[in-house]
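Engineer: Let me see the structure of the following:
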Amino acid sequence: MEFIGSGVELFRKGGLVMYPLLLCSFMVITIAVERYLHYRKAATDHAKLLPELITRFNNCDWAGAQRVCDSTGGAEGMMLSRGLANIQFDACDLESAMSNAAAQSAAKLREKLGYLDTIVTLSPLLGLLGTVVGMISSFSVMSIKTGQPQAITGGVGEALVATATGLCVAVTALIVHTYYSHWLDTIITGMEESGALLAEAKRRSDRRETA
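Structural biologist: The predicted model follows:
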């Protein structure tokens, strides 16, 4: 209870900018949880999926490869399944179908990351605003109560609390944004690698059929 009371007291000392900073912190937490659930659903065990697909691609077992992709799921499995559904067309059409599926998946995965990027920039600015407001209050009090330095400590405290809170929110948002950006890059890299393998296998199959 004492810890909660201290937190509430610090929040009050931070001034009005603490309310938008509190909203920013809630947004960071909400986005982090929501993106984690979405990314975990979209993730694919690329190291396990690839060997199974390579064997089927080499044998031109397209139906078997599609069953594996459907059972695997995730963004990579969905993209490959879309491509395998168009396996009767040439490699260029196959790549186009997979590119469209990959672009749709990537767009969904990037959703809300822009909010984190905005919070990274906005939070320190809000903290700086709190600093300016606090210092203005301090100088105003000092001009009224000359010779009473203890009277300005409230404004200085407001400035320091707001600045520290803004930096903490920004650092947290930056860590979350970096983590999910790396996860997104991993998923996209997996889709590109497996998509290239399928397109190359289709070209080899077409060359054997025309030879």
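
Engineer: all helices in the protein, in order from the N-terminus.
Structural biologist: Ranges of helices within the chain are 2-13, 18-42, 46-58, 62-72, 74-85, 91-110, 113-144, 153-210, based on DSSP state H.

Engineer: Tell me which of those is the most buried.
Structural biologist: Stretch with highest mean neighbour count among those: helix 74-85 (a mean of 24; mean count of other C-beta atoms under 10 Å). For glycine as for every other residue, the C-beta is placed from the backbone atoms N, C-alpha and C.

Engineer: for that helix, what is the average pLDDT?
Structural biologist: For helix 74-85, mean pLDDT is 89.

Engineer: by how many degrees do that helix and helix 153-210 diverge?
Structural biologist: 20 degrees (axes from the mean of the first three to the mean of the last three C-alpha atoms, to 10 degrees).

Engineer: if I look at the closest residue to Glu192 other than its chain neighbours, how far off is Gly195?
Structural biologist: Nearest non-adjacent residue to Glu192, counting by C-beta to C-beta, 6 or more residues apart in numbering: Ala102, 7.6 Å away. According to C-beta to C-beta, to the nearest Å, Ala102 stands 7 Å off from Gly195.

Engineer: List the residues that are in contact with both of those two.
Structural biologist: Listed as contacting both Ala102 and Gly195 by C-beta atoms under 8 Å, 6 or more residues apart in numbering are Met79.

Engineer: which stretches of this protein aren't confidently modelled?
Structural biologist: By pLDDT under 70, the weakly predicted segments of the chain are 1-7, 137-159, 209-211.

Engineer: what do you get if the cut-off is 80, keeping everything else the same?
Structural biologist: 1-15, 91, 133-159, 206-211 (pLDDT under 80).

Engineer: Please name the nearest non-neighbouring residue to the residue positioned nearest the centre of it.
Structural biologist: Residue closest to the mean C-alpha point of the chain, counted by C-alpha atoms, centre = their mean, is Tyr180 at 3.7 Å. Nearest residue to Tyr180 in three dimensions, chain neighbours excluded: Arg35, at 5.3 Å (C-beta to C-beta, 6+ apart).
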